[in-house]
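Asker: no sequence for this one, just the structure:
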């Protein structure tokens with residue numbers, strides 16, 4: 001018995017005790033039960049109104065529950081994207097509960113007034129029937145964001161390197177940056193729409209302005225904070241000034257640069273939506289304003305969901321780029 005007890009203790013210490021192969025992960029079972037129960041909640045009780053896509057929504061929830069349950073049978077060492085669902089099981093349980101509460105409060109009981117609070121079926125209907133306009137709005141927003149963000153990031157990076165490296169540039173630019181930089185980009189909306197020939201050009205400028213300031217400040221901070229010993233070693237080996245900038249200062253400052261890029265992405269997305277709501281006749285901001293004007297609140301909530309997914313996806317993409325470019329600094333920088 002003592003040998004068995006010692007083996008069990010050793011297995012617990014090493015994390016070697018595993019569930020039997022025929023049993024799924026408990027968290028996955030709970031998440032699957034939550035989504036299957038949500039499917040029954042959507043399908044079985046009658047709706048208060050004539051909402052479309054109730055049956056399709058219930059089938060989708062049941063399919064997601066089955067997928068989560070199937071993921072629970074995978075062992076932790078097995079590969080495959082479905083296995084990642086196991087780690088999200090607690091969040092999936094909470095999400096199923098929130099969706100169930102939303103369904104009961106709108107479609108089943110009517111606790112929240114229509115049309116200000118449409119049920120989940122109405123949001124699905126918007127994605128199915130108005131996907132062309134939504135996709136066109138996403139395309140216009142991403143195109144405008146890409147142009148403004150690229151210009152702002154490039155200008156901010158160049159200016160930040162110049163300020164951090166040259167005291168002469170810092171002497172003249174630093175006071176201007178401290179005076180103009182803290183102003184929100186949206187404060188320049190009236191002037192930008194007056195100066196630039198089109199609303200698209202004005203919006204691009206505003207997005208670039210919102211991106212440029214944090215990138216400039218963080219790049220400048222990164223360049224100025226590089227260890228002077230790196231420069232001394234490079235000069236001892238005969239490095240010229242261009243080598244010191246391109247091969248020493250900029251690589252060492254890249255973690256700060258990416259912090260500025262993350263901050264600039266969030267600011268630029270907010271400015272983009274405001275600019276589209278006020279002046280641009282296309283994009284997610286325009287779609288949001290159009291839906292609000294026609295009291296199409298389901299379309300408005302669908303646009304908000306798309307905005308959240310788009311911003312989250314762009315941030316995830318930027319994280320992937322950072323991880324790839326700064327893989328050689330993982331031992332030096334806190335990730």
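Answerer: Alright, I've got the coordinates. Keep in mind that what you see is a predicted model, and the values were worked out from it rather than measured.

Asker: can you pull out the strands in the stretch 101-250 of the chain?
Answerer: Ranges of strands in the stretch 101-250 of the chain, per DSSP state E, counting those that start in this stretch: none exist.

Asker: and this structure, what are its domain boundaries?
Answerer: 2-115, 131-330 (automatic domain parsing).

Asker: closest to residue 122 out of those domains?
Answerer: Proximity to residue 122 (CB to CB) singles out domain 131-330 among those, at 3.9 Å. Every C-beta, even on glycine, is put in place using the N, C-alpha and C of the backbone.

Asker: give the rounded mean pLDDT of the closest one.
Answerer: Here the mean pLDDT over domain 131-330 is 87, rounded to a whole number.

Asker: give me the distance from it to the chain's centre.
Answerer: Here domain 131-330 shows a centroid-to-chain-centroid distance of 14 Å under the convention CA atoms, centre = their mean, to the nearest Å.

Asker: which of the domains of the chain is buried the deepest?
Answerer: Relative to the other members of the domains of the chain, domain 131-330 carries the highest mean neighbour count by mean count of other CB atoms under 10 Å, namely a mean of 18.

Asker: what ranges do the helices span in this protein?
Answerer: Under the criterion DSSP state H, the chain contains helices at 2-14, 26-43, 54-72, 89-103, 120-129, 131-165, 167-180, 189-195, 199-224, 228-236, 241-243, 250-278, 284-293, 297-325.

Asker: how close does residue 247 get to residue 253?
Answerer: In this structure, residue 247 and residue 253 are separated by 12 Å, where distance is defined by CB to CB, to the nearest Å.

Asker: give me the distance between residue 295 and residue 118.
Answerer: Residue 295 sits at a distance of 11 Å from residue 118 (criterion: CB to CB).

Asker: could you do residue 263 as well?
Answerer: From residue 263 over to residue 118 (counting by CB to CB), the distance is 34 Å.

Asker: thought residue 311 was touching residue 267?
Answerer: No. Residue 311 lies out of contact with residue 267 (CB atoms under 8 Å); the separation is 11.3 Å.

Asker: excluding covalently adjacent residues, which one is nearest to residue 96?
Answerer: If the residues on either side of it in the chain are set aside, residue 96 comes closest to residue 34, at 3.8 Å by CB to CB, 6 or more residues apart in numbering.

Asker: might one say that the one you found is in contact with residue 99?
Answerer: No. At 9.5 Å, residue 34 does not count as touching residue 99 under the criterion of CB under 8 Å.

Asker: and the contacts of stretch 186-193?
Answerer: Counting by CB atoms under 8 Å, 6 or more residues apart in numbering, stretch 186-193 makes contact with 199, 202-203, 205-206, 209, 271, 274-275, 278-279, all of which sit outside it.

Asker: what is the nearest of the residues you listed to residue 233?
Answerer: Closest to residue 233 out of these is residue 209 (38.3 Å), distances taken as CB to CB.

Asker: tell me the contacts of the closest one?
Answerer: 152, 185, 188, 271.

Asker: could you rerun that using 6 Å?
Answerer: residue 185 (CB atoms under 6 Å, 6 or more residues apart in numbering).

Asker: could you do residue 41 as well?
Answerer: With contacts defined as CB under 6 Å, 6+ apart, residue 41 is in contact with residue 100.

Asker: now do it against residue 69, distance only.
Answerer: Distance check for residue 41 against residue 69: by CB to CB, it reads 18 Å.

Asker: and for residue 177?
Answerer: When distance is defined by CB to CB, residue 177 is 55 Å away from residue 69.

Asker: what of residue 26?
Answerer: Counting by CB to CB, the gap between residue 26 and residue 69 amounts to 12 Å.

Asker: please apply the same query to residue 265.
Answerer: Noted for residue 265: a distance of 36 Å to residue 69, by CB to CB.
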